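In: please find the sequence and the predicted model below.
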Amino acid sequence: MSSEQIEQFRANGFLAIPRITTDDEIAWMRVVYDRLFEQKPGWQQGDFFDFAGSDKKGEAAKVPQLLNPSRYEQKLANTIFRANAHAMARQLLGPSASLIFEHAMMKAANVGGETAWHQDEAFYARYTNYRAVTVWMPLQPVDERNGCMEFIPGSHHGSVKPHRHIDNDPRIHGLEALDFDRSPAIACPLPAGGATFHGDRTLHHSGVNRSDQPRRAYALVFGTRSKEFVLREDFPWNLEAQTAREERAENARGPIQNAVHALKQAAKPILRR
């Protein structure tokens, strides 16, 4: 990134670039992506779920999402996209920036649902100890017709807004921000293989897919860990969550794994002092 791009990111909380990988890699990734969304790996473990709907088995997903795609296709861990995104994230966050997690989102042709306005930090659990940047890449051209990213410039300078679960339904994984002005929103259309970068407090959104082709997107989240970033309290909207995804994840872990998971969660404030 140029110094001007870095300053733009810091001022606005987001940045769009026209290219982050090659056409050949995008073509290969589309094939892998479509296979994974057809197979729905990780559903039982809670990695595959509906971001914007009830996530019940047998119901059509509004915005299906797959966490950690490289767990199910290891070659995704060694892409030009990941290498370039990591290098740029280090420019924005510092040399210690590392991958926190990754996810892929599909919006079906003509019916793919809206991703509500939100801040990523609103999803963070208590004792989260990082600040993060998300690198979002479309696998086909995107604009406002099929759900490109939109941002509220400067929104990262404030605090986390009040949020609630979409439609005020705690069974839905996705969150929507409340009490903010949408009028300054800036849409970021991109070619396939372009990318947007945004911070974890930047308000962002993507609309419904009204095109006759699927809208595929792949996001990598990089963060730097520090004691000063530790979240001390749970957000109230996260305490209300009753999602099918988390229920499946708990069932998949089993009683022993859940006990270990609970101990690890309880130990976090001690380990991170």
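Out: Structure received. This structure is a prediction, so every number in the text was calculated from the model and none was measured.
In: what are the phi and psi angles of Asn160?
Out: That one is not Asn; residue 160 is Val. phi -70, psi 130 (degrees, to the nearest 10).
In: wait, it sits on His118?
Out: No - using CB atoms under 8 Å, Val160 is not in contact with His118; the gap is 9.9 Å. In short, each C-beta sits where N, CA and C put it, glycine included.
In: looking at those two, which one has more neighbours?
Out: His118 (20 against 16; other CB atoms under 10 Å).
In: run through the residues that contact that one.
Out: 163, 174-177, 203-205 (CB atoms under 8 Å, 6 or more residues apart in numbering).
In: hmm, back to that, now the common contact residues for Val160 and His118.
Out: Joint contacts of Val160 and His118 (CB under 8 Å, 6+ apart) do not exist.
In: so what secondary structure elements neighbour the helix or strand hosting Leu99?
Out: Applying DSSP states H and E as the criterion places Leu99 in strand 98-107. Where contact means 3 or more CB pairs under 8 Å, 6 or more residues apart in numbering; DSSP states H and E, strand 98-107 is packed against helix 23-39, strand 64-67, helix 80-93, strand 215-225.
In: okay if I get these as TSV plus mean pLDDT, distance to Ala108 and mean neighbour count?
Out: Formatted as TSV, the helices and strands packed on strand 98-107 follow (pLDDT from 0 to 100; distance: least, CB to CB, whole Å; neighbours: other CB atoms under 10 Å):
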stretch	mean pLDDT	distance to Ala108	mean neighbour count
helix 23-39	98	9	15
strand 64-67	97	8	22
helix 80-93	98	23	18
strand 215-225	98	8	22
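In: of the ones you listed, which is nearest Glu246?
Out: Taking CB to CB, strand 64-67 is the member of the helices and strands packed on strand 98-107 nearest to Glu246, at 12.2 Å.
In: partners of that closest one, with directions?
Out: Applying DSSP bridges, strand 64-67 is found paired with strand 48-50 (antiparallel), strand 98-107 (antiparallel).
In: residues touching the first one, excluding its own?
Out: Going back to what we said before, that points to strand 48-50. 40-43, 55, 59, 61-67, 173, 243-245, 248.
In: redo that, cut-off 10 Å
Out: 36-37, 39-43, 55-56, 59-67, 69, 72, 104, 113, 172-174, 243-246, 248-249 (CB atoms under 10 Å, 6 or more residues apart in numbering).
In: ok, Pro184 - how many residues close by?
Out: When neighbours are counted by other CB under 10 Å, Pro184 comes out with 12.
In: show the buried residues in the contacts of strand 48-50.
Out: By neighbour count, with 16 or more other CB atoms under 10 Å, the contacts of strand 48-50 hold 36-37, 41-43, 55, 61-67, 69, 72, 104, 113, 172-174, 243-245, 248-249 as buried.
In: for the chain, what spans make up the helices?
Out: In the chain, helices defined by DSSP state H lie at 3-12, 23-39, 80-93, 236-239, 244-271, listed in chain order.
In: of all these, which one comes closest to Asn146?
Out: helix 23-39 (14.6 Å).
In: quick check, Met1 in contact with Leu93.
Out: No - contact between Met1 and Leu93 fails when scored by CB atoms under 10 Å: they sit 11.9 Å apart.
In: coming back round to it: tell me which of the helices of the chain approaches His156 most closely.
Out: helix 3-12 (8.1 Å).
In: angle of the closest one against helix 80-93?
Out: 70 degrees (axes from the mean of the first three to the mean of the last three CA atoms, to 10 degrees).
In: which other helices and strands contact helix 3-12?
Out: strand 14-17, helix 80-93, strand 195-199 (3 or more CB pairs under 10 Å, 6 or more residues apart in numbering; DSSP states H and E).
In: from the chain's centre, how far out does the longest one sit?
Out: Between the mean C-alpha point of helix 80-93 and the mean C-alpha point of its chain there is a distance of 16 Å (CA atoms, centre = their mean, to the nearest Å).
In: now the last one
Out: Put simply, strand 195-199 sits 11 Å off its chain's centre (CA atoms, centre = their mean).
In: check contacts around Pro141.
Out: Residues near Pro141 by CB under 10 Å, 6+ apart: 148, 189-194, 211, 213, 215.
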